[in-house]
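A.B. asks: Got a predicted structure plus its sequence, pasted below:
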Amino acid sequence: MQKIKLIYNPVSGGRDFPVYLDSFLKKFQSEGFDIRVYRSNCKGDIANGMLDMKQEKYDLLIIAGGDGSVNETVNGMMRNNIDVPLGIIPTGTVNDFASCINMPADIEQCFQIILEQNLRTVDIGRVNERFFINVCAGGLLSQIAHTTNTGLKNKFGRIAYYMNGIRGFSNLKPLPLKITTSSDEIKEKLYLFLILNSKGAGGFNNLVANASINDGLFDFIGIKASISLYDIMLLLLKLFQGEHLENRNVLYLQDNYFKVEPVSVGNYSPCDVDGEKGPHFPLDISLFPGALKVITNFN
């Protein structure tokens, strides 16, 4: 009999998952699984639901939540050497990584996909002491994520980010940065940057069409501060459509290591890590290839 740990965030997204909990138990118990359930009580609590996994043998860990819940889970797994497959039930506002692995929005469909256990190894990033599975961002996009009201995010989803982003343009200031890769050093003023482990972030799933979750590389996208406010809005539209990498106002890099440092004294907001507030600059970002086994919805 395989043993499963289910951890769920009851307030994630539309707060829907508790309605499906009995259906989950019925489905997986009928397949012969021994299920242990942990309800996350507050932000930062998910690691507590994994404490017994350091001593007891489990065959599968399932997280029902959004990108923040997935990030907490991955950090708990990496820090405690919990080496079991991870299944994701996307119940958050945007669910970037779940979209990347093709998990549907229909919760009961996710149950069946997880039962099929189609595994793929994926890369994991780490910024300073914080692990991430999808994206580390700085500048405008991190400010939007950190200042958008949680209630608005849960009610309006991506629209709340757009509304907050438009307001943020009036306070847009460039970040003078030094970006060090494994083989180069670049100084550039950027309005924003994204260090991606997948194709998309922020609900936009095709920012880098040829990116992969297991190619051993990050994709770095930076918007240079050499353009007008009007032009940056047009460029962001192209960025969200995946039509930007050849633009001269975009800094695009691929590497398995980045160090991002401020080159002047100023108000540098913390970075954003998988949709949550991350560490302050300087940022030391490294990649752990094939570090995690994830259940996907790929053929």
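C.D. replies: Arrived safely, thanks for sending.

A.B. asks: Gln254 reaches Asp219, doesn't it?
C.D. replies: Yes: between Gln254 and Asp219 a contact is recorded at 5.8 Å, counting by C-beta atoms under 8 Å. For glycine as for every other residue, the C-beta is placed from the backbone atoms N, C-alpha and C.

A.B. asks: so where's the stretch 101-250 of the chain shaky on pLDDT?
C.D. replies: Filtered on pLDDT under 70, the stretch 101-250 of the chain yields the residue ranges 141-171, 240-244.

A.B. asks: Which parts of it are helices?
C.D. replies: Using DSSP state H, counting those that start in this stretch, the helices of the stretch 101-250 of the chain run over residues 107-116, 140-147, 150-156, 158-168, 229-240.

A.B. asks: my guess is Gly200 meets Asn206, correct?
C.D. replies: Yes: judged on C-beta under 8 Å, Gly200 makes contact with Asn206 at a distance of 6.0 Å.

A.B. asks: So between those two, which is more surrounded?
C.D. replies: Gly200 (23 against 12; other C-beta atoms under 10 Å).

A.B. asks: what are the ranges of the strands in the stretch 1-150 of the chain?
C.D. replies: Counting by DSSP state E, counting those that start in this stretch, the stretch 1-150 of the chain has strands at residues 3-8, 34-39, 60-65, 86-90, 119-127, 130-132, 135-139.

A.B. asks: so can I have a markdown table of the ones you listed showing mean neighbour count?
C.D. replies: Formatted as a markdown table, the strands of the stretch 1-150 of the chain follow (neighbours: other C-beta atoms under 10 Å):
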| stretch | mean neighbour count |
| --- | --- |
| strand 3-8 | 21 |
| strand 34-39 | 14 |
| strand 60-65 | 25 |
| strand 86-90 | 26 |
| strand 119-127 | 19 |
| strand 130-132 | 23 |
| strand 135-139 | 27 |
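
A.B. asks: May I see those arranged in JSON lines, with distance to Phe193 as well?
C.D. replies: JSON lines is the format used below for these (distance: least, C-beta to C-beta, whole Å):
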{"stretch": "strand 3-8", "distance to Phe193": "31"}
{"stretch": "strand 34-39", "distance to Phe193": "35"}
{"stretch": "strand 60-65", "distance to Phe193": "26"}
{"stretch": "strand 86-90", "distance to Phe193": "26"}
{"stretch": "strand 119-127", "distance to Phe193": "12"}
{"stretch": "strand 130-132", "distance to Phe193": "14"}
{"stretch": "strand 135-139", "distance to Phe193": "5"}
